[in-house]
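> Next comes the sequence, and after it the predicted model I'd like to discuss.
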Amino acid sequence: MTAPAAQREAQVIQDAPKQLFIDGQWRSARSGRTLEVVDPSTAEVVCTVADASEEDGWDALRAAQRAQREFAAVPPRRRAEMLMGAFELMHQRKDDLALLMTLEMGKPLTEAYGEVAYAAEFFRHFAEEATRISGNYQVAPAGNARFLVARQPVGPSLLITPWNFPLAMGTRKLGPAIAAGCTSVLKPASQTPLSMLALAQILHEAEVPAGVVNILVTSDSGGVMEPLIRSGIARKLSFTGSTSVGKMLLEQCASTVMRTSMELGGNAAFVVFDDADLDKAVDGAVLAKMRNSGEACTAANRIFAHRSIAEEFSRRLAERLRQMRVGRGVDDGVAVGPLIDEKQQKKVQELVDDAVRSGASVLLGGEPAAGEGYFYPPTVLTDVPREARMWSEEIFGPVAPVTPFDSEEEVIDWVNATEYGLVNYVYTESLNRALRVAEQVESGMVGINQGVVSNPAAPFGGVKESGLGREGGDTGIDEFLETKYIGIAMD
Ligand code: NAP
């Protein structure tokens, strides 16, 4: 690394907020505790941040509770202006935000820039939605009453986000919450707190009132969040993370019948039919597999190629992945960053070893990179049998398992043979087949001849154990609104 590059990294870390953001104030944890943020590309600690305990959690939730009534009364246009202000500040600060994200999470800088733009877009989208919250007026069927149907903010909300998209998973929740008039307490993943703290600074500067957004970083997620969830003060939990944690949180929410949105794990299939445009299919597979080094809920976890093209497709995919440079995300030309931590690196290796033991062949990669950081090389496995664990578990790494199939019917059965249902990808030049398959696969989203479906203006979410509710699109704001019916008697 050159001296100016090292200096710039140090400067961005030094300038980044590292305290809790509660009631419009930056403050240390009451206990004085801090937690370490590690750069996964070097395994070195880059800084420490305040580490909240339960007491801080109560402070944050009470601040959100106090701010709720006044914020609900803020005119929608004003809420929209706050979001647009934050959108613009995110663009102005994109260099710092992207670098901060790469340093705490590892993704290549080009992808971090992409995420900053994607994340900001949720604020613009929901700024536009804020002024379109509408109701209804209806004459009762008997004519003796009128129905007014209003939509109101659900109330103080708890938002929990994962480490893989440290900024976008936050704006995808904060955007609709602010647009709807809800206050919130957001708990980012303990491994990637810096992006969300930097966002809090931006929201503060965009004049979001004190108490409306509170950021709680903690190494004790369960200990801090469970009492808040069970308190009955918060009226909504929006969670993005693993299915196992999501299920546990759903149980906790049941105690106060709290509304939930759950964006959970995935096991996406990527299907390439024999009539697909192979160039497009390879491009799409690279995106669907390698975005975020495979650490995405939408990552192609199982790739099915028709037997007649499986060999050529696998060879061409391996060729493309071979050319992708692995390294520190901040370095020029790097396309594959490190995995988030050693545990994830080991898990990916275990899944690869298990697939090979079950009979898969290694076309590319397959061994962890030596040296510092939690790197794993792009890997292509062929003829991965159904018994392999990676058929049913999220790989969350740059490993592409390709399996041949013979018929449309067979592959649809395989696609649906999972408890997950987030997204599936289909490559075919036949419109009829594309629609037929899209209708039959069990997932909340389907990409036809495209390897990325995420778009703030589209409803993102899964079925089965991939979740409940939708984020983004024209329904995203509904997750933060209650319907109230007001009956008016008529003489
Ligand atoms: P995770 O372990 O479930 O953690 C997600 C968040 O939950 C983190 O903030 C984590 O905090 C917190 N958490 C963990 N245990 C908790 C508890 N007992 N009470 C309250 N909060 C708790 O998931 P992850 O490993 O960070 O993220 C990867 C998973 O997220 C994958 O399964 C991926 O598919 C899924 N994901 C889904 C979507 C989607 O939109 N469907 C998007 C992105 C990711 P700590 O950091 O302190 O553990």
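Received the coordinates, thanks.
> Tell me how far the single nearest residue of the stretch 201-350 of the chain relative to the ligand lies from Glu263.
Using C-beta to the nearest ligand atom, the closest approach of the stretch 201-350 of the chain to the ligand is made by Gly241 at 2.6 Å. Backbone N, C-alpha and C define where each C-beta goes, glycine included. According to C-beta to C-beta, to the nearest Å, Gly241 and Glu263 sit 8 Å apart.
> quick one, which of these two is more surrounded?
Between Gly241 and Glu263, Glu263 has the larger neighbour count (other C-beta atoms under 10 Å), namely 27 against 21.
> So in terms of bridging, what pairs with the more buried one?
When bridges are called by DSSP bridges, Glu263 pairs up with Thr240, Gly467.
> Quick check: it touching Gly461?
Yes: using C-beta atoms under 8 Å as the test, Glu263 is close enough to Gly461 to be in contact (6.3 Å).
> if I look at these two, which residues touch both of them?
Residues touching both Glu263 and Gly461 by C-beta atoms under 8 Å, 6 or more residues apart in numbering: 467, 469, 471.
> Any quick ChimeraX command for the buried ones out of those residues?
In ChimeraX, this line selects whichever of the shared contacts of Glu263 and Gly461 come out buried by 16 or more other C-beta atoms under 10 Å:
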select :467,469,471
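> what kind of secondary structure is Ala127 in?
helix (DSSP: H, G, I helix; E, B strand; the rest coil).
> What's the local residue count around it?
By the criterion of other C-beta under 10 Å, Ala127 has 23 neighbours.
> my guess is it contacts Ala179, does it?
Yes: with contact defined as C-beta under 8 Å, Ala127 counts as touching Ala179 (6.9 Å).
> okay, and the common contacts of those two?
79-80, 83.
> tell me the contacts of the residue of the stretch 201-350 of the chain closest to the ligand?
Per C-beta under 8 Å, 6+ apart, neighbours of Gly241: 160-162, 189, 263-264.
> Tell me the backbone dihedrals of it, please.
Backbone torsions for Gly241, taken as degrees, to the nearest 10, come to phi 170, psi -150.
> For Gly266, which non-adjacent residue is spatially closest?
Excluding the flanking residues, the one nearest Gly266 by C-beta to C-beta, 6 or more residues apart in numbering is Leu422, at 3.4 Å.
> so that neighbour makes contact with Thr298?
Yes: using C-beta under 8 Å, Leu422 is in contact with Thr298, at 6.4 Å.
> More neighbours: which of these two?
Comparing Leu422 with Thr298 by other C-beta under 10 Å, the one with more neighbours is Leu422, at 28 against 23.
> On the three-state scheme, Pro385 is what?
coil.
> Give the burial count for it, as a bare number.
Under the criterion other C-beta under 10 Å, the count of neighbours that Pro385 has is 12.
> Okay, it and Ile229: tell me how far apart.
41 Å.
> what do you get for Ala269?
Applying C-beta to C-beta to Ala269 and Ile229 gives a distance of 33 Å.
> Let's see stretch 63-83 as CSV, backbone CA atoms only.
The C-alpha coordinates for stretch 63-83 follow below in CSV (Å, rounded to 0.1, in the frame of the first residue of the first chain):
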residue,chain,number,x,y,z
ALA,A,63,-35.9,8.3,23.1
ALA,A,64,-37.7,6.7,20.2
GLN,A,65,-40.9,6.4,22.2
ARG,A,66,-40.7,10.1,23.3
ALA,A,67,-40.1,11.3,19.8
GLN,A,68,-42.9,9.2,18.2
ARG,A,69,-46.0,11.4,18.6
GLU,A,70,-44.3,14.6,17.4
PHE,A,71,-42.6,12.9,14.5
ALA,A,72,-45.9,11.3,13.3
ALA,A,73,-47.3,14.8,13.1
VAL,A,74,-44.4,16.2,10.9
PRO,A,75,-45.9,16.9,7.5
PRO,A,76,-45.1,14.2,4.9
ARG,A,77,-43.4,16.8,2.7
ARG,A,78,-41.0,17.7,5.5
ARG,A,79,-40.2,14.0,6.1
ALA,A,80,-39.6,13.6,2.4
GLU,A,81,-37.2,16.6,2.5
MET,A,82,-35.2,15.0,5.3
LEU,A,83,-34.8,11.9,3.2
